[in-house]
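Q: Need a 3D model of the sequence below.
(one chain, ligands or ions: 1)
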Amino acid sequence: MEKRRATITAIGHYVPEKILTNLDLEKMVDTNDEWIRTRTGIRERRILEQGATSDLGAKAIEAMLARRGMDATDIELIIVATVTPDMLFPATACVIQDKIGAHRAWGFDLSAACSGFLYALAVGAQFIETGSYSKVVVVGADKMSSIIDYGDRNTCILFGDAGGAVLLEPSEDPEFGLIDHRLYCDGSGGPYLYMKGGGSLNPATHETVDKRMHYIFQDGKAVFKVAVKGMADVSAEIMQRNNLSPDDISWLVPHQANLRIVDATAERMGLDGSKVMINIDKYGNTTAATIPLCLSEWWECGKLRRGQNIVMASFGAGYTWGAILMKWSLESPVKA
Ligand code: UT7
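A: Alright, predicted model coming up:
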């Protein structure tokens, strides 16, 4: 029997309206627009003023369902990749299930930081491939502004808020859909990018608040070095495993942490810059949302089309990293 393959059959995203520009940040910390643009590629990011990560995820799913003309009650499973859950428990997937009225669905959260969407996509695909379910929603959503210290110039310039969602269904044509995935983690990288407080190790106390332990800490230089290598290596690996040349790939869909990391990955893959999805300038690093946000924007304007091979690649806290190869099956809403 031919393998049942999972494919993306609907997509949507949500970004909040409020824009935080580099010039705004100049007024908050000792930084400047030129430094931020040349070191990261970021010009502005979005901030969710009211609400939580579940609102970003729920709005992304609602946009996706509206596009598809599908009812939330048809969803069977919701997997939410996030590092900024509404609360430690219940899972944000449960909050979203209730908000969108997906009464038949079960769900859970998955924590893999910037690689969260790729991890969740690979997990969701298993449920389709085994035949357990036929309608799995995978969400990447993060309200990064809720864990950013806007007095720390090392991190506050980097992150923004967003949500993205895709529907996985069995592919009608087994040539299309999620073809291969390579996922990794290395827990020894933990102390270079983490949030020390709030979990069972350092529960919230006056001291953890005073020591600013409920914010992101990042040793940017250390992470940069391994991120460049990790994302480039895994992207080259997935090409090699599937005998793909640069000509076979239409798009690299990279995690958007730093334009220099993205450029190094594209170079290693032998890909021209015109084949790389980049929206870091508009949104900064939206953690689990970056990849579905890119896919959704590129699909919406007709640049991502049925039949194209795409490589999604990420690197993030954990360390976690990985790549997924997919033959895109969803017809573009824009006619050729
Ligand atoms: O998303 C998950 C994974 N995360 C990543 O992939 C992030 C990886 N790291 C990076 O993208 C980069 O390391 C950063 C963008 C975070 C920093 O860029 P960098 O080129 O590595 O800068 P740096 O940390 O080496 O700092 C260079 C200089 C330092 O000054 P001195 O010591 O040379 O005098 C910093 O103090 O730039 C200074 N600096 C800033 N200056 C203006 C650091 N942050 C800022 C700032 N504005 N916001």
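Q: Break down the stretch 51-200 of the chain into its helices, ranges please.
A: Assigned by DSSP state H, counting those that start in this stretch, the helices in the stretch 51-200 of the chain fall at 53-68, 92-100, 116-129, 153-156.
Q: Relative to the ligand, which of the ones you listed is closest?
A: Of all the helices of the stretch 51-200 of the chain, helix 153-156 sits nearest to the ligand, with 3.8 Å by C-beta to the nearest ligand atom. Bear in mind the C-beta positions are built from the backbone N, C-alpha and C, glycine included.
Q: Touching that closest one from outside, list them.
A: Contacts with helix 153-156, where a contact means C-beta atoms under 8 Å, 6 or more residues apart in numbering, come from 25, 28-31, 148-150, 215-218, 220.
Q: what's the neighbour count on residue 200?
A: By other C-beta atoms under 10 Å, the residues close to residue 200 number 6.
Q: just to revisit the earlier point, in CSV, list the helices of the stretch 51-200 of the chain along with distance to the ligand, mean pLDDT and mean neighbour count.
A: CSV is the format used below for the helices of the stretch 51-200 of the chain (distance: least, C-beta to the nearest ligand atom, whole Å; pLDDT from 0 to 100; neighbours: other C-beta atoms under 10 Å):
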stretch, distance to the ligand, mean pLDDT, mean neighbour count
helix 53-68, 17, 98, 24
helix 92-100, 20, 98, 23
helix 116-129, 11, 98, 24
helix 153-156, 4, 97, 18
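Q: Let's test this: mean pLDDT of the lengthiest helix in the chain, rounded?
A: Secondary structure of the chain per DSSP state H: the longest helix is helix 220-241. Mean per-residue pLDDT for helix 220-241: 96.
Q: That helix - contacts with which helices or strands?
A: strand 177-185, helix 259-269, strand 309-316, strand 320-327 (3 or more C-beta pairs under 8 Å, 6 or more residues apart in numbering; DSSP states H and E).
Q: and whatever residue of the stretch 1-150 of the chain ends up closest to the ligand, helix, strand or coil?
A: Taking C-beta to the nearest ligand atom, the ligand has its nearest neighbour within the stretch 1-150 of the chain at residue 31, 3.3 Å off. Counting by DSSP: H, G, I helix; E, B strand; the rest coil, the backbone at residue 31 sits in coil.
Q: Could you double-check that it sits in contact with residue 25?
A: Yes. Assessed by C-beta atoms under 8 Å, residue 31 is found in contact with residue 25 at 5.7 Å.
Q: Residues that sit against both of the two, list them.
A: Applying C-beta under 8 Å, 6+ apart, one finds that residue 31 and residue 25 are jointly contacted by 153, 157.
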